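Colleague: Could you look at this predicted model? Sequence included:
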Amino acid sequence: MTIRIAVDAMGGDKGLSVTIPACVEFVSQNNDVSLILVGLEPEIRAALAATESVGGRLSSGQPVASLLGSGRLRVQPASEEVGMGEAVAQALRGKKDSSMRVAAALVNAGEAEACISAGNTGAWMAISRYILRTLDGIDRPAIAAPFPTLSGRDTTMLDLGANLDCTPEHLRQFALMGSALVGAIDGRQQPTVGLLNVGEELIKGNETVKLAADLLRDAQAKGQISFFGNVEGNDIYRGVTDVVVCDGFIGNVALKASEGLAQLMTGFIREEFERTPLSKVLALMAFPVLKRFKRRLDPRRYNGASLVGLRGVVIKSHGSADAVAFVNALGRARDAARNGLVDRIAKVLG
């Protein structure tokens, strides 16, 4: 089966200069995928032509002309685009032919199995929810993404900013969706779920977290999830559980802190090579280790957050993503669609 992914080609800080080369690279390396490039048609075709003029490929891709001829790349016109700083209401109500809206509508119409955008997060959330609607039993969709860990197995965390204020029931729903997501994308059987708290003890936390823990223990008793219990902030990066559940306020802070840590390490490595001759020698000796550590923390590897709880696979790429990062996000869209993420969530909700 060919997985069809609708791509908001206009979205992101760098727009077409990132999305088009990334799409060419991804589709040329994955024969089980076709991409629908949604946006301003003249600009998309110009970007494709520019890619063709430098060989029509990145590392090991196929010529753009052959990908277009075979239908594995297709352009879907949209007359409007949503700006990165545009108000959500304007994007939702005022631009009914935006590249975001057309991409989501392709999934809703069954013409694509997944959609992806690197554009305005709030607008993408609102448009996707309006077009695709939430699954039965889900009050609010959540943003979920993987975090690197010392164990080498990623930990998926949600919510990462879609819902700043959550009830215990919302956290229960996040746990069910996160478990289904990890099962679909990473293929883990009975992934463990941890509830983020200020301590492991049952008496710790505010009333929302305590009540959520009761609901998650009940979900485990019903065989819906494998609930580990409370986890603390440092447990995220230790890889104690496969899934960590929290409200969107805390999750977004953790996400931004992780991005800051990656930037800190990059800056530290660069500074060490610019210091005294002795420090340069020591840095060169440690370079293989530092390089592996930097690669482990490289946010491009973890690009592609899933908007779970909707009636379709929706992926949000980081706005500042480069072509490498966007390729990784496309991979998450393909894997989620191929492994039936939406059906898995619907099934666990019963």
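Modeller: Yes, it's here. Quantities reported herein were computed from a predicted structural model and do not represent experimental measurements.

Colleague: Same question for the helix or strand encompassing A22: list its buried residues.
Modeller: Assessed by DSSP states H and E, A22 sits inside helix 16-29. For helix 16-29, burial by neighbour count (16 or more other Cβ atoms under 10 Å) applies to 16, 18-29. Using the backbone N, CA and C atoms, a C-beta is placed for each residue, glycine as well.

Colleague: Looking at the residues you listed, spot the one nearest Q76.
Modeller: Proximity of those to Q76 (Cβ to Cβ) peaks at C23, which lies at 12.5 Å.

Colleague: shouldn't that closest one be in contact with A6?
Modeller: No - taking Cβ atoms under 8 Å as the definition, C23 is not a contact partner of A6, at 11.1 Å.

Colleague: shaky segments in the stretch 1-150 of the chain?
Modeller: Low-confidence segments of the stretch 1-150 of the chain (pLDDT under 70): 52-62.

Colleague: Tell me where it has strands.
Modeller: Counting by DSSP state E, counting those that start in this stretch, one finds strands in the stretch 1-150 of the chain at the ranges 3-8, 33-39, 73-77, 114-117, 142-147.

Colleague: Can you tell me how far T19 is from A123?
Modeller: In this view, T19 and A123 are 16 Å apart by Cβ to Cβ, to the nearest Å.

Colleague: Repeat that for D159.
Modeller: 18 Å.

Colleague: repeat for A325
Modeller: Distance from A325 to A123, by Cβ to Cβ: 20 Å.

Colleague: Which residue ranges of the stretch 151-300 of the chain form strands?
Modeller: Using DSSP E, counting those that start in this stretch, strands in the stretch 151-300 of the chain cover 155-158, 192-196, 226-231, 243-245.

Colleague: just those: most buried one?
Modeller: Across these, averaging neighbours per residue (mean count of other Cβ atoms under 10 Å) puts strand 243-245 on top, at a mean of 30.

Colleague: how far out from the middle of the chain is that strand?
Modeller: Mean-position distance between strand 243-245 and its chain equals 15 Å (Cα atoms, centre = their mean, to the nearest Å).

Colleague: Just confirm E113 contacts I5, I think it does.
Modeller: Yes - using Cβ under 8 Å, E113 makes contact with I5 at a distance of 7.0 Å.

Colleague: So for those two, which residues contact both of them?
Modeller: Here E113 and I5 have A337 as joint contacts, going by Cβ atoms under 8 Å, 6 or more residues apart in numbering.

Colleague: What about the spatially most central residue of the chain? Give its phi and psi, please.
Modeller: Nearest to the geometric centre of the chain sits A305, at 1.5 Å (Cα atoms, centre = their mean). Per-residue torsions, A305: phi -90, psi 140 (degrees, to the nearest 10).

Colleague: shouldn't it be in contact with P141?
Modeller: No - using Cβ under 8 Å, A305 makes no contact with P141, being 11.3 Å away.

Colleague: quick one: the helices in this structure?
Modeller: Using DSSP state H, the helices found in the chain span residues 16-29, 41-53, 64-70, 88-89, 99-108, 121-132, 168-185, 207-221, 233-238, 248-272, 277-297, 323-338, 341-349.

Colleague: I'd like those helices as a markdown table, with distance to K316 appended.
Modeller: Below are these laid out as a markdown table (distance: least, Cβ to Cβ, whole Å):
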| stretch | distance to K316 |
| --- | --- |
| helix 16-29 | 13 |
| helix 41-53 | 20 |
| helix 64-70 | 25 |
| helix 88-89 | 14 |
| helix 99-108 | 11 |
| helix 121-132 | 6 |
| helix 168-185 | 14 |
| helix 207-221 | 25 |
| helix 233-238 | 20 |
| helix 248-272 | 12 |
| helix 277-297 | 20 |
| helix 323-338 | 8 |
| helix 341-349 | 14 |
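
Colleague: among the ones you listed, which is nearest L195?
Modeller: That would be helix 207-221 among the helices of the chain, by Cβ to Cβ, at 5.6 Å.

Colleague: List the buried residues in that closest one.
Modeller: 209-213, 215-216, 219-220.

Colleague: Reformat those as TSV; add distance to E201.
Modeller: Listed next are those as TSV, based on distance: Cβ to Cβ, whole Å:
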residue	distance to E201
V209	12
K210	11
L211	16
A212	15
A213	11
L215	18
L216	15
A219	20
Q220	18
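
Colleague: just those now: which is nearest L106?
Modeller: Nearest to L106 among those, with distances taken as Cβ to Cβ, is A219, at 33.9 Å.

Colleague: which residues does the closest one contact?
Modeller: 172, 175-176, 225, 227.

Colleague: likewise R172?
Modeller: Applying Cβ under 8 Å, 6+ apart, the residues contacting R172 are 212, 215-216, 219.

Colleague: circling back: Serialize the strands of the stretch 151-300 of the chain to JSON lines and add fields for mean pLDDT and distance to V348.
Modeller: Putting the strands of the stretch 151-300 of the chain into JSON lines (pLDDT from 0 to 100; distance: least, Cβ to Cβ, whole Å) gives the following:
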{"stretch": "strand 155-158", "mean pLDDT": "94", "distance to V348": "14"}
{"stretch": "strand 192-196", "mean pLDDT": "97", "distance to V348": "12"}
{"stretch": "strand 226-231", "mean pLDDT": "96", "distance to V348": "12"}
{"stretch": "strand 243-245", "mean pLDDT": "97", "distance to V348": "12"}
